[in-house]
Structure formats: C-alpha cells, structure tokens
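Participant: build me a structure from this.
(4 chains)
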There are 4 protein chains.
Amino acid sequence: MKKIKVGVAGYGVIGQRLADGVVRQGDMELVGIVDLEPTLSIRALKEKGMPYNLYLVDGADRTKFDRLGIPVSGSFGDLLGKVDIMLDSAPGGVGAKNKMLYEKAGVKAIFQGGEKNSVADVFFHGYANYEKGLGADYLKLTSCNTTGLIRSVDCLDRRYGVDRVAITIIRRVADPGDYHRGLTNALQIDKAPSHQAVDLMTIMPHIQATGILVHTPVTHGHIITVVAHGRNGKITREQALEAFRGHERIRVVRIDDGFLGNASFFRYARDLGNPRGDMYEIGLWEDSIVESGDDIMYAINIPQESVTIPETIDAVRAALRMQPDSKSGTAKTNGFLGLGGWK
Amino acid sequence: MKKIKVGVAGYGVIGQRLADGVVRQGDMELVGIVDLEPTLSIRALKEKGMPYNLYLVDGADRTKFDRLGIPVSGSFGDLLGKVDIMLDSAPGGVGAKNKMLYEKAGVKAIFQGGEKNSVADVFFHGYANYEKGLGADYLKLTSCNTTGLIRSVDCLDRRYGVDRVAITIIRRVADPGDYHRGLTNALQIDKAPSHQAVDLMTIMPHIQATGILVHTPVTHGHIITVVAHGRNGKITREQALEAFRGHERIRVVRIDDGFLGNASFFRYARDLGNPRGDMYEIGLWEDSIVESGDDIMYAINIPQESVTIPETIDAVRAALRMQPDSKSGTAKTNGFLGLGGWK
Amino acid sequence: MKKIKVGVAGYGVIGQRLADGVVRQGDMELVGIVDLEPTLSIRALKEKGMPYNLYLVDGADRTKFDRLGIPVSGSFGDLLGKVDIMLDSAPGGVGAKNKMLYEKAGVKAIFQGGEKNSVADVFFHGYANYEKGLGADYLKLTSCNTTGLIRSVDCLDRRYGVDRVAITIIRRVADPGDYHRGLTNALQIDKAPSHQAVDLMTIMPHIQATGILVHTPVTHGHIITVVAHGRNGKITREQALEAFRGHERIRVVRIDDGFLGNASFFRYARDLGNPRGDMYEIGLWEDSIVESGDDIMYAINIPQESVTIPETIDAVRAALRMQPDSKSGTAKTNGFLGLGGWK
Amino acid sequence: MKKIKVGVAGYGVIGQRLADGVVRQGDMELVGIVDLEPTLSIRALKEKGMPYNLYLVDGADRTKFDRLGIPVSGSFGDLLGKVDIMLDSAPGGVGAKNKMLYEKAGVKAIFQGGEKNSVADVFFHGYANYEKGLGADYLKLTSCNTTGLIRSVDCLDRRYGVDRVAITIIRRVADPGDYHRGLTNALQIDKAPSHQAVDLMTIMPHIQATGILVHTPVTHGHIITVVAHGRNGKITREQALEAFRGHERIRVVRIDDGFLGNASFFRYARDLGNPRGDMYEIGLWEDSIVESGDDIMYAINIPQESVTIPETIDAVRAALRMQPDSKSGTAKTNGFLGLGGWK
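Facilitator: Sure thing, here's the model as predicted:
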C-alpha cells in the first residue's frame, strides 16, 4: 500500500514531535521538515545525523546552514511538490501565510491551536468530531488544553451524557528551555470565560461550558479541574472511573502510587524511556474524582508539548479519508503510537 | 469603658498580625505576647523598641534573650493572670497543649486553623455563624482559605441563596521568607475533597460542597475558583457583582486596572503603605464572574498571612458578648480596621 | 533654613521610594511627582489621600484621572517651575528625553541606572566618588547591584586597599508584582564581563574588575559573591568583618540567626514595620566571609527596589553642594533615614 | 573476553542512570538492580518489560511486587553472589550499611557523593586521580558539582597549571519530579566554604580552593562560576578555550547559538533524543570566559542527574584494573558512551 506523504512546517516544540509521531505511523511517510534558522533543534537534528530531510522557507539564509555543515534538501516549494499533506506548526500567525502556499500547491494542511479558527474549514478533535474532518482540505487542531479536556469530557459524554461543564485551568506558563516567556512568584488570571471553554462548545455544541484560567510558574504540564453535569442524571464516581480507565489516551493514576503532581508524569515518561520524556496520554487522578449532587468533579494533567500529536495524526487520517470514522481512525493512530497497550 | 485584655501566644506570621490587629481595636488592649525563641520576628520587635511586652513559655532559655538585650516581662503564666482572652497562634498542635493552661487559668481562647476542630467548642466564622460563638469559651477559626471562601459564599447566600458549590483551590505553597517548605517547578495535587470544602459544609450545613486543591510554587496569596449554584434559581452576574461590591471585606477589582494576579494585591498593599504590605480583604475579579446555566463562577484571591485577622477579632467580640450579632460584631471590627472605608 | 525643593519624575517602583526618601530629609521638600497613567501606584496614592501632589507629563489623558477622582496639581512644566532638582526615575530611555526639559527649565537632575551614562556629567556613588558630583548639573546613579557592590568594595578599599575583584551576580529577575518579565525554572546567563564589573571600574578606576551574571527566578533581592584581592597584602576575615560592621549602609547578619537567604531580609523588614517592607541597607553574611591566599571572598544581598535611594539622596547633596564631602553628605542622609542607628 | 559483572543498589535518580550507563559498556554486564519498594521507577521498568533484573533488599515486602505483577529475580544476597562490583546509589547513609554486606560477600563497591568519605578507601575522580583508585576495594565518587568542577579545573591544571580557585555554586534545589524538597521565591545561602571547594582540595591537594554556595529554585542543572589563578602565570582566554574544547566531557557552547542558560542543555539533550533528556557532559559558555590580571573566570553547567555516571564507570575500570591509567580508562568509558564523538 502506498504511504501517505507528510511534511512538517516549523521544527519547534510541536513540529519535532509531529515529525517523530508521523515516523511511527506504518501508513505514513515523513518526507521532510521546513524551518528558517539553524535553531538548537536543527543543530540537534544535525548532531543526530539528519534522520529527517530539511527544507528551507523563502527568506532563510542558506549560508548559515552551510557554515554549520547542515545539509539542506531544498526549498519549501520543493517539499510541497512531494507531499500529500502538511502539518503546520509554524509560530502563531505564520500558518495563515503558509496556507496560501498550500492552496497554490494543492496540498492539504492541518494547523495547530495557535492559528485563528478561520484558517481552517474544520476545527477538529480526533474523538469528538472526526467525521466532520473527513475529506476536508484545511483542519485546525484544538489547543493542548482543549485537546486533553475534550478527551475526558467526550469520554463521559459518549457513555453517560454530559450537558454542562465548568473548568479551572491551572496553566503552565512556559516549556522547559523557554526564556522568552516566564512568570516569577505570581499567579496570573485571564478574563473569563477561558477560550478553552468556548472552544469546547464549538466542538461539542450540545454542551454548555464556562471556565477560568490561571497561569502558574511551572513548565511540566497544565492541570485542569472539571465540574461536569450529567445530562441523564448523576454520573457516579465508579461510572466515571470505569469510562476513564477504558480510554486509550487517558492514564488513570493514584497519588499513593507516586503521581503527586504534574511533574510526576514527566518523571515517569523519562523513566519509561519515552523520547524527549514525552507522554501522549493525559493523566487523570483517581483520587481527585468526587461527586457533588448531580455533578462529578475530577482533575486531569495535560502534557502540553505532546498531547496534540495523536489527534493531529487522527486529522491526517480524516482529511485523507484513510479511516471512515473516529473509532477506526483513532484506533489506527493508537496502534502505531502504542497507546492503550500499557493497560 | 473597660477594655478587653488580650494576649497572643506565638509571635509568628499570624501572631504578629493578630497583635497588630488587636492594637487597632479601640475597645481592646494588647497585654502581651508569648514566645519561645529569639526569632527574627522577636529581634525585629526589639529593634522597634519593644512596642509589645514579651512573655516566655515554660522551657524557654531566658539567657538567650538577655544576651541580645531583649526585655522579658514575665512567664506565660504571668500573662494568663492579666488577660480576659488569648489568641493562640502557636504552631499546629501546640494550641491543644496550651488549652490546658487556659482552662487552669480560667481564660477564654481562640485557636487558628492549624489546630484540630476538637480543640474548640465552636468552629467559627465572623459572618457565617457569629451567633454560635456568643459566650463560648473556646473557638477555632476557619483556615485562611476557608475564611476567605466563606466570605464570598456567605455574601451570595445571604442575598440570593446558594445550595451547592464546587471549588478549585490554587494554593500558594509558602509564605515570603519561608525556607522550610517549598515546591520547585511542580503543581502538587491533594486527595479530594479538599478540607476547605468539608469545612464550609460544617460552618454552612445547608450547602453541599466539594473541591480539589493544587499547590503551586508561589508565595503571594491563594486563588480559589468557585462554581456556585443558586438555591432559588439563577444568580446573575450583575446580582453577584452588586453583592460582592457591598461587602466590607471583599475588594472587587479589574484586570484592566492592573490587578493581573495574586501578586498585584501584595504590590498594591505595599503601595498603600499597609503595615507589612498586608491586606485584610480578599480580592475578587470582576472579569472572572461568568454564568453557566444556573451556576455562577468567579475567582477570589486570599492573602494568606492576614485574611483571618478580622474574623479572629470578631471571635473575641462573640466570645465576650461584646456585640450581640454578626452584623454589629463585624461592623465594629471593620470600623477599627478601616475596612470598607475605601469604597 | 530654606529647604531644597525636589520633584520626582516617574512614580513607579523606584520613584515611589525616592519620594518617600525625600520626605524623610529634614532639609528637603518634595514638591510633587510626575506620571503619565493612573497606574496602581497612583491609585494607591489616591486611596491614601494624595500625600504627594501629582503633575502630569505632556500627552497624559487628564480625563482618565478625573474619572477616578484623582486630583491633578498641574503639568510637568508647572512642577519644573517650582523645583531645584528633579529625581528622574522614568522608564529607561525616557530620562534622556526629559533631560531636554530640565535643561530648558534650568533644573538639575539625577538619573537612575536605566539611562545611558552619556545622559549625565557624572556617574555617581555617594561613598566612592561624592566629590566628583559637587555642583554638577546632571548625575547618574549606579544601578542597584553596582550601588550595593561598591558600598562593600569601597568599605574594604578605604580601610585596607583593594586592587582586584571578581564578582558573581545571582540576579533576581523581577520585582514582586511584576508580570511583564519573568523566568520559569531556568538560570539564564549573560555575556561576560557583566556591566556591574565594568561600572565599578568607571567609578573606582584604580581597581581591576570582572564578573559573570546569572538571572534566577526570584523577586526578593540579588546575591553577589565578591572575590577581592588586597592591594597591600592579605585582608583577613577579622579585618573585613570589622570594616563591614562599621558601615552604616551594611547589615552584617548570620545564618544561625535566621538570615537564611535573600527573602529573610524582606521578611525582617516587613516585621520591622518598614514602609513597603523595604530595606536601604545591603545585607552581608558573616558566615560567608572566607580567605583564600591573598583573596577574601564574601556574599552580599541587594534589596533592588530600595538600595539606590540613599545614594540618590547623597547625589542631591552633592549636586547642590549641601555638604562638601562624602563623609558629611552620607552622614546627613543616614541621619534622616535612620541608617546605622540600629547598630 | 569475560565481561565484568556489575550490580546497582538503589534504582533512583542516579541508580537508573548508572544501570543505563553500564549497559552501554561493551566490557561490562549489568547483572541486576536492587530496590526496596515498587517506586515509580520500578513501575516504569515493569511497563518497559523488565529489561533489568530486579532483586529485593532484606525487609522489602515482596507481596507488593507480586500484586503489581513485577517479577523479582531474588534477594540482595543472591545478586551479591553473581557480581564483581556493586555501584551503590542507595539514599545517603544506607550505603554505609550496605558496605557490610559487600565486605561479607567479598564484592567491591563504588559509592556516590551522598555517603561520608570514610565509607571508602579512595575519594575518586576519573580524570584527577584515577591512579589512586587502581585495585581499590571501596571508592567514593565526588558529588555532581565537584565532579563537573574538577573536570574543568583539571583540564586547565593539566595543560597550564592552576594553584588557586574561588567558586560560586548556583545550585538547583531539586530534580524534575521532586516534591519532597523545594524552595519557593528565595535564594538560600550555605555557610562558607562550600564542601565542593574542600573536596576539590582533597582530590587535588596542590590547589587552594574556597567557595560560596547559593541554592536557587530551579531543577535543570547547577551553574558554577570559577575564578582560577595560573600557577605558572596568566592563562589566557584563548588558552583556556583551546583546552576546554579538547575535553571529551566538556561541551563548549555559545549564548548566541541558543544556549541561554541551564535549561538549554536539557532542551538540547531532549532534542538529541538522549535517553531521559540526559547529558553526560558539562556545559561551558565560551562567552563567559574573561581574564582579570592573572585570573581567568568562566561558568559551567552541571547536569546533576547524569554527570557522575562517566566518572563512576571510570571507577569500575580503576577498581578492577581494567585500564592502567586515567588516559586509557576515561577513553574507554568515553568510547562506549559516545563522548567526544560529536566534536
């Protein structure tokens, strides 16, 4: 069978992980990546022996790469001539410009959460609305928090029905290695409602959602608390736990086992030998699930660097009609990424 | 009129502020404070010229104080012979031992949140259950988070009726100047439900409450998000805002005015010239109030070092029947502390 | 005796403290402060009842102030017509523009460390080169780190002779209440040599200096380690200690007394009741002083928000020839600020 | 050729990395690891399919492991019967107890920096005193900071001669995933001189050293500034740079290339695909090297979790006389770990 040819634009925090994720798909081929500068990530690629081919965007200074002995395989345009679909993880706003190139080259594309919704035909989540993405040319993924949040809400909704959620996002403010943004000894609040609550309603219009977001000075993952109301009456702690445990992209953990906070998932992923210490699953604390009237409340952990990778791969499957529905599409992605296999 | 004679046991973070607060009450007199070691706080008291008399607990090494030229006014027992009531802010667990001394000396006492509920006859909040404390010998204050939380929930409940709340506590992990506890680049989660939700139900038994607590590596105040359900139907944003604005111990602020997070309150209190940069009021962000169905959601800021001072003063008023009800008791405290005057 | 009339341009972190410091000088009068926006600091001034008169820079929108009921006393130009000297603590770069106004109005001015050296006739430190500032029209203060560093190096140099220093600056990255800058879980290094070492050589040209600066994610004061070489042979630990103890703007402290780090000074200043929890003195740890060959090494703490205030007041004294030399000028400032009185 | 049989006691932060490092040595075999509890690290080992055999210390509750389906290969004693040498990375103090078991079993051992020097016959560093370790039964490695520091000082000393160093250690206070220790918004200072300076003099007795250590609230590596004095006159910046560039366990980097601080090394190692995001090399900033008189000053980065692994492997080579001297011993280790190959 012919493999789908994929390119990645922007080899930063997300782009590197998209490239790694594509390489693990037996039915996809990573043709190359595109960037502008010999960043640390590109230098690391070179030190590793250039496992991925590098293409340069227009305006890049090729002599910088030559001087460092970094091989260049061609231009952005060259890459577009060889791929079926682009995964665009360029800095926020650049994706909208890149789209003109994709349209001209007749190449599909999937954008990340940093772009405006208007860049795409479909605002996409692998579980919650896979079918809307079928055959679409331009899709935009939900942001990291929304992606993880919807996994958990969709999981309950699919089984028991949910009609209302109120979320509190305790947001990490930077990624490990970031110096250009940061917060020191402060919690910073955004105007409510948070965009994640609004985005959830766009993807799952039958649910009413609101939320508050607070930035915190840490780097290893967001924590979200969710108060969910059952559409068909009370969802019990046991029911919720059973649903969460069966989800391939949710890791149910316990504080007593050593999962004391967001940094434990990072520590555990490093100990597992996962590349970059990454985890695709969201974490969900069994000890956080509590009932209150018809509401059920719980807390999840969002590994912001890697959580959107599986759903982005799902989007490729939908856009190219590789699998017909959410169930088969996500199952294929999960299989290649080894998700759920640890259960 | 004879002033009520008050002593403070434990001159630490809370004890210093209790002493300062008592001194501002026109109808109370601070007889002295009790401590064990010449801590930095005691050394600062000496450098200021000993505005408060120092008494030593049994077991304290008086020569340490003599060597530093710190005047000592007598023993714990000496102080107990001169006071009507003790404010006990000794380290957690020590208060229970001190209680035996108070009982022997026939002195009333008010304990802080670090002690077990069983140490006291009444678990107290100045607004929510002042009347239960009338004439009681031993009262325990709610903890800093619970004190601030109840201010806001009671404020809504009194006006509109509340029957259910779900809280997320984004907790500061240490006070400025703490080295013995801390957290570095991690969010740490506690088992749910948080004690603050349980304590709220003890004080306000007609409300059903649950909550999740997450520790964050900051020092300038907790942030709590509250999802509250109206007992008598929807509470609108405007209704909530009106109630909050009228409360003497709540400061309603806006992000656009510069209150970007918890550290803004600290900055503002320093700029106000408040002693120690303290603030007695909780902060409440106007921009955080959102409706969702019959639920109303909002975020408050808890200045952990000073928030319980007013309610502790209220407890003195209740225990000694200085004022007959919550309205008159809290009004007296607010008047002496200048609360609400800025509105 | 006629008091010197002083104005302050820019009522931010430094400007507020300059204003407070001027007010404490028996021979100076604070005529007013200048700002552009109703910042939190201006709002706090209003809540305090406008103890200082507010003037507006050209371009300020007066209606914003009117709407908030903040009284305005006039324009920047109005203030310049009433003062002998301006303390300029406007944001970096703005001071250079303000200078044109000062020149036009024939008013002297003292700039803070954020401006370029070229803005001033003299790069000034109250102890190390007071005499160079005598009668000067435009002076620039050393930055917070350099000010504190020079205090300690000048203290040793004056007594024993120093000819070489190597410094490591462990820099706080933001002030309490800052959100616009920050660093999260990282130490960031600057290119060497640090400007503080270069500035020290400008002020004290007989000393050879170099240094490395590392930013750290904290807010309560810089720590600098100093390796100093005696020009006239070894400086012993005892000699250094004696000199440091005699300095009015240096607090010699011990770890065992509770001064465990930079945050202890902040905690102590709050407990002292110092306005804003500020401290004018640098801290110096007795337990950090170690000898190594002819080198002596020690660590100091720099309270970045307030450390330059005394030396700025010194600069007023020099510029207006209020006192003829460093000894009498700094003594006058110290007297009014209560420095050294605690010894 | 028969491979040396190695065991690892304590599968924590260091133990895991020792095990991984041994496995990469072509002339060594990892027989197994020893632990007490089914920690997250042991659970991760199980999820990975038990690539290493697990033995239990006396007192471990085997049923806990059985319940989790974690295979156990035997007791600590069983393992001791199969190995030539143990790498002991048990918690501080436990190693001293384990030593009795090693003596009884006639097995050599190498302890980490957390143990007292008296536990071992030789206090060891692979470059600075390899020869002292030849044939020794019990060796103790220098701590992480001292190991990295000595690499750089030995590098200069070997080429040009060094007789005096003064260090400032800007220490990370916890590892990623730690909750049991932490520091929040504070820099904490230790009494001087720091143990690392004292340890350096023990290993390199011809050098006089002193230093000050400051703890900072970060997790990704210590930064040390070093002021070194040439024994044979000035060491120039160019000389130092040439020596550092030639060292297999030192990475010379530049700020302009993106190595802005300690977290950049972690980020780069993750991008390199290094297991756990680890780096064995210390980092050294080219832009930090400055001359001052006969002194040369520079800054290094210490990856605390992994830096001692190569020198511990060197210690195995020395203890078992696998290679006769520092040059051949370290070269063998470097070869298997791929150190220097990137240059």
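
Participant: contacts, neighbours, all on C-alpha from now
Facilitator: Will do.

Participant: buried residues in the host helix or strand of A:Lys64?
Facilitator: Using DSSP states H and E, A:Lys64 maps to helix A:62-67. Applying a neighbour-count criterion of 16 or more other Cα atoms under 10 Å in any protein chain shown, one finds A:62, A:65 buried in helix A:62-67.

Participant: contact partners of whichever helix or strand comes after that helix?
Facilitator: Once the chain leaves helix A:62-67, the next helix or strand it forms, by DSSP H and E, is strand A:74-75. Strand A:74-75 is contacted from outside by A:54-58, using Cα atoms under 8 Å, 6 or more residues apart in numbering or on different chains.

Participant: quick one: strands adjacent to strand A:74-75?
Facilitator: As defined by DSSP bridges, the strand partners of strand A:74-75 come to strand A:54-56 (parallel).

Participant: let me see the mean pLDDT of the strand it pairs with.
Facilitator: The average pLDDT for strand A:54-56 rounds to 98.

Participant: where exactly do the strands run in the stretch 1-150 of chain A?
Facilitator: Under the criterion DSSP state E, counting those that start in this stretch, the stretch 1-150 of chain A carries strands at the ranges A:4-9, A:28-35, A:54-56, A:74-75, A:85-88, A:108-111, A:122-124, A:138-141.

Participant: export the ones you listed to CSV and tack on mean neighbour count?
Facilitator: Converted to CSV, these look like this (neighbours: other Cα atoms under 10 Å in any protein chain shown):
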stretch, mean neighbour count
strand A:4-9, 25
strand A:28-35, 22
strand A:54-56, 25
strand A:74-75, 16
strand A:85-88, 26
strand A:108-111, 27
strand A:122-124, 25
strand A:138-141, 27
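
Participant: now the residue in the stretch 101-250 of chain A positioned nearest to chain D: how far from chain B?
Facilitator: Closest to chain D within the stretch 101-250 of chain A is A:Gly177: 4.6 Å, counting by Cα to the nearest Cα. According to Cα to the nearest Cα, to the nearest Å, A:Gly177 and chain B sit 13 Å apart.

Participant: please tell me I have it right and that residue contacts C:Ala186.
Facilitator: Yes: using Cα atoms under 8 Å, A:Gly177 is in contact with C:Ala186, at 7.3 Å.

Participant: and for these two, which residues touch both?
Facilitator: Contact with both A:Gly177 and C:Ala186 is made by residues D:Ala263, according to Cα under 8 Å, 6+ apart.

Participant: and those two? Which one has more around it.
Facilitator: More crowded of A:Gly177 and C:Ala186, by other Cα atoms under 10 Å in any protein chain shown: C:Ala186, with 28 against 23.

Participant: is it true that the more buried one lies in a helix?
Facilitator: No: going by DSSP: H, G, I helix; E, B strand; the rest coil, the assignment for C:Ala186 is coil, not a helix.

Participant: could you report the pLDDT at it?
Facilitator: pLDDT for C:Ala186: 98.

Participant: before we move on, back to that, among the strands of the stretch 1-150 of chain A, which is nearest D:Leu134?
Facilitator: Distance to D:Leu134, taken as Cα to Cα, is lowest for strand A:54-56 among those, at 48.6 Å.

Participant: who touches that closest one?
Facilitator: Here strand A:54-56 makes contact (Cα under 8 Å, 6+ apart) with A:32-36, A:62, A:71-76, A:78-79.

Participant: look at A:Trp342 and report its pLDDT.
Facilitator: pLDDT at A:Trp342 comes out at 57.

Participant: let's have the strands of the stretch 1-150 of chain A in CSV, adding distance to B:Leu141.
Facilitator: Formatted as CSV, the strands of the stretch 1-150 of chain A follow (distance: least, Cα to Cα, whole Å):
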stretch, distance to B:Leu141
strand A:4-9, 58
strand A:28-35, 59
strand A:54-56, 64
strand A:74-75, 69
strand A:85-88, 55
strand A:108-111, 53
strand A:122-124, 50
strand A:138-141, 49
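
Participant: who in chain A is up against chain C?
Facilitator: For chain A, the contact set with chain C under Cα under 8 Å from any Cα of the partner chain comprises A:173-174, A:176-179, A:181-186, A:188, A:217-219.

Participant: and the stretch 201-343 of chain A, which residues reach chain B?
Facilitator: Close to chain B, as judged by Cα under 8 Å from any Cα, the stretch 201-343 of chain A has residues A:208-212, A:216-220, A:223, A:225, A:227, A:255, A:260-263, A:287-293, A:297-299.

Participant: what about the nearest residue to A:Glu248 once chain neighbours are set aside, how many residues nearby?
Facilitator: Spatial nearest neighbour of A:Glu248, excluding adjacent residues (Cα to Cα, 6 or more residues apart in numbering or on different chains): A:Gly340 at 4.2 Å. A:Gly340: 17 surrounding residues under other Cα under 10 Å.

Participant: walk me through the domains of chain A.
Facilitator: For chain A, the domain assignment from automatic domain parsing gives the residue ranges A:4-143+A:308-337, A:144-302.

Participant: pick the most deeply packed of the ones you listed.
Facilitator: Burial of the domains of chain A is given as mean neighbour count (mean count of other Cα atoms under 10 Å in any protein chain shown); domain A:144-302 ranks first at a mean of 22.

Participant: what about stretch A:73-91, distance to the chain center?
Facilitator: 20 Å (Cα atoms, centre = their mean, to the nearest Å).

Participant: on that earlier part again, pretty sure the residue nearest to A:Glu248 is in a helix, no?
Facilitator: No: applying three-state DSSP, one finds A:Gly340 to be coil, outside a helix.

Participant: my guess is it meets A:Thr333, correct?
Facilitator: No: under the contact definition of Cα under 8 Å, A:Gly340 does not touch A:Thr333, with a separation of 10.9 Å.

Participant: which stretches in the stretch 151-300 of chain A count as helices?
Facilitator: A:195-203, A:237-245, A:262-272 (DSSP state H, counting those that start in this stretch).

Participant: and the ones you listed as a markdown table, adding distance to A:Arg159 and mean pLDDT?
Facilitator: Formatted as a markdown table, those follow (distance: least, Cα to Cα, whole Å; pLDDT from 0 to 100):
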| stretch | distance to A:Arg159 | mean pLDDT |
| --- | --- | --- |
| helix A:195-203 | 17 | 97 |
| helix A:237-245 | 7 | 98 |
| helix A:262-272 | 27 | 97 |
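
Participant: distance to chain D added to the ones you listed, as a markdown table?
Facilitator: Compiled in a markdown table, the helices of the stretch 151-300 of chain A are given as follows (distance: least, Cα to the nearest Cα, whole Å):
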| stretch | distance to chain D |
| --- | --- |
| helix A:195-203 | 27 |
| helix A:237-245 | 17 |
| helix A:262-272 | 4 |
